[in-house]
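Student: Sequence first, then the predicted structure, then my questions.
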Amino acid sequence: MKKAISDLTPTQRAEIDALSALPDDKIDTREMTEQRDWNSARRGALFRPVKQQITLRLDADLIDWFRRRPLREEGYQTSINRALREYVEQHDRDG
């Protein structure tokens, strides 16, 4: 069930106002869920790129490390995706 703007607490309104004032490149979208409905995305809903299935060969010890590490309610593939995204973002800033 969606909340109407009138249902928000003053704290929630302040958080939304603060986020609205930020430039798009300063908002961290890594924790957001995918947006599959393009029409609502054009209306201002949050969007996250849809994942693409590929075959990728990684060293067994790397996969084992990601599988064994403590999870934050996410699977090892999501953890690998997050690590790759952080690497790319770091190197985009360097280059």
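Tutor: Right, received. Where do you want to start?
Student: use CA for all of it now, contacts and neighbours both
Tutor: OK.
Student: Report how many residues lie close to R82.
Tutor: Number of residues near R82 (other C-alpha atoms under 10 Å) recorded here: 14.
Student: Report all helices and strands that the helix or strand hosting it contacts.
Tutor: Assigned by DSSP states H and E, R82 belongs to helix 76-94. With contacts taken as 3 or more C-alpha pairs under 8 Å, 6 or more residues apart in numbering; DSSP states H and E, helix 76-94 sits against helix 60-68.
Student: Just checking the distance from the helix it packs on to the centre of its chain.
Tutor: When distances are taken as C-alpha atoms, centre = their mean, to the nearest Å, helix 60-68 is centred 22 Å away from the chain's centroid.
Student: What average pLDDT does it get?
Tutor: Mean pLDDT, helix 60-68: 93.
Student: Report the angle between it and helix 76-94.
Tutor: Counting by axes from the mean of the first three to the mean of the last three C-alpha atoms, to 10 degrees, helix 60-68 lies at 110 degrees to helix 76-94.
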